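**Q** my questions concern the predicted model and sequence given below.
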Amino acid sequence: MLKLNIKVDSGLFFSYITSLFSGALLIERPADIEEGFAIHAPLVYHFGHTTPSGNSKLYNVLTSQIANTVKERFEKNNEARIGGVVVNTCGWVTGPGYKMLVHAAKAFDVNVIVVLDQERLYNDFKKQFGEDIEVLHLPKSGGVVTRSQQFRRESRNERIRQYFYGIKNNFYPHTFEVKFSDVKVFKIGAPAVPDSCLPIGMQKDEIETKLVPMQPGKDLIHCVLGLSMASDPDEDLVRMNLAGYIVITDVDMERQQYKILSPAPRPLPRQFLLLSEVKFMDMK
């Protein structure tokens, strides 16, 4: 049986790399005790923040995008449809976080919600969905503790290192230069401004999904960037899935080029790079 595992948790880890958002992974066999589920061709989108609060509008947009893609997959693959889908969400359960959970449940048309430990959340879901969705409450396993911010940061850095070097250091990433003119770097989401300062006709939530061109500079050093699969600037970079990730390890303003760490050799397969707030210092 095939089963889809969906991560919409930006905080720690999903099937591909950390904190850049969410992905869908087709599961055909049990997870390896060390390496987890086999990752052949995960579907990954760029979020760029370590918490959903970094851009709640974008978070919901990408959640809906993944849900639509999964539904299309089910229409074409009956075995995957029968296997179903498991959606792993973030742990932010109050205020805007709760609204994101409700949005995810509706986007994926879930029929069962499992709540771990959070009794208040369980009651809120029961009230929210009534008889439409079965809501189950499970106690937290003994010995389970809340992960500290330091633990999350260390885990995030380790996952990024594993992406480039492998769990057993059996990967050999590539370092090479890329001219400024050969790539275009964007950030999703413009700085927040008062409603009175918005351009005529633009809504405030549109600012959160606006593409902002980034100029070359030393501030990009150590930044993790997603490599968009888009091949044309007219394509929707916000909703386009990623080919992979790179890290800018140096910026040479005199020679007008970036030095990058990449899992694959040159040249880059696409030219559009999406900036994240995550940084990784390659100590190798």
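**A** Good, I have the coordinates.

**Q** going forward, measure contacts between C-alpha atoms and count neighbours the same way
**A** Will do.

**Q** how about the strands of this protein, start to end?
**A** 3-8, 23-27, 43-44, 85-89, 112-116, 134-138, 174-179, 184-188, 211-213, 223-228, 242-252, 257-262, 272-279 (DSSP state E).

**Q** and the ones you listed: which comes nearest F164?
**A** With C-alpha to C-alpha, the closest approach to F164 among those belongs to strand 257-262: 7.3 Å.

**Q** so how far is that closest one off the chain centroid?
**A** 22 Å (C-alpha atoms, centre = their mean, to the nearest Å).

**Q** quick one on the thing from earlier: which one of the strands of the chain lies closest to L58?
**A** Smallest distance to L58 across the strands of the chain (C-alpha to C-alpha): 8.3 Å, for strand 184-188.

**Q** packing partners for that closest one?
**A** For strand 184-188, the packing partners by 3 or more C-alpha pairs under 8 Å, 6 or more residues apart in numbering; DSSP states H and E come out as strand 211-213, strand 272-279.

**Q** now those as a markdown table including mean neighbour count, mean pLDDT and distance to E154?
**A** Listed next are the helices and strands packed on strand 184-188 as a markdown table, based on neighbours: other C-alpha atoms under 10 Å; pLDDT from 0 to 100; distance: least, C-alpha to C-alpha, whole Å:
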| stretch | mean neighbour count | mean pLDDT | distance to E154 |
| --- | --- | --- | --- |
| strand 211-213 | 16 | 95 | 29 |
| strand 272-279 | 21 | 95 | 12 |
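
**Q** of all the ones you listed, which lies closest to L227?
**A** Smallest distance to L227 across the helices and strands packed on strand 184-188 (C-alpha to C-alpha): 4.8 Å, for strand 272-279.

**Q** render the CA-only coordinates of that closest one in PDB, please.
**A** What follows is strand 272-279, C-alpha atoms only, in PDB (Å, rounded to 0.1, in the frame of the first residue of the first chain):
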ATOM      1  CA  PHE A 272      15.400  31.700  -9.600                       C
ATOM      2  CA  LEU A 273      16.500  31.500  -6.000                       C
ATOM      3  CA  LEU A 274      14.200  32.100  -3.000                       C
ATOM      4  CA  LEU A 275      15.800  33.500   0.200                       C
ATOM      5  CA  SER A 276      15.100  32.200   3.600                       C
ATOM      6  CA  GLU A 277      15.800  33.500   7.100                       C
ATOM      7  CA  VAL A 278      17.700  30.200   7.900                       C
ATOM      8  CA  LYS A 279      21.500  30.400   7.900                       C
END
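
**Q** any weak-confidence spans in the stretch 101-250 of the chain?
**A** 193-202, 204 (pLDDT under 70).

**Q** buried residues, stretch 222-239. List them.
**A** For stretch 222-239, a neighbour-count test (16 or more other C-alpha atoms under 10 Å) marks H222, C223, V224, L225, G226, L227, S228, M229, A230, L237, V238, R239 as buried.

**Q** ok, and the closest non-adjacent residue to Q162?
**A** Leaving aside its sequence neighbours, Q162 sits nearest to N169 (C-alpha to C-alpha, 6 or more residues apart in numbering; 7.5 Å).

**Q** returning to that earlier point: out of the helices and strands packed on strand 184-188, which gets nearest to V93?
**A** In terms of C-alpha to C-alpha, the element of these nearest to V93 is strand 272-279, at 22.9 Å.

**Q** from the chain's centroid, how far away is the closest one?
**A** Distance of strand 272-279 from the chain centroid (C-alpha atoms, centre = their mean) equals 11 Å.

**Q** for the residue nearest to Q162, what are phi and psi?
**A** Note on N169: backbone dihedrals following degrees, to the nearest 10 are phi 60, psi 40.

**Q** touching, it and Y163? I think so.
**A** No - with contact defined as C-alpha atoms under 8 Å, N169 does not reach Y163; the gap is 9.8 Å.

**Q** the more surrounded of those two?
**A** Neighbours per residue, other C-alpha atoms under 10 Å: of N169 and Y163, the larger number sits with Y163, 20 against 11.

**Q** and that one, how far is that from A264?
**A** Y163 sits 12 Å away from A264, going by C-alpha to C-alpha, to the nearest Å.
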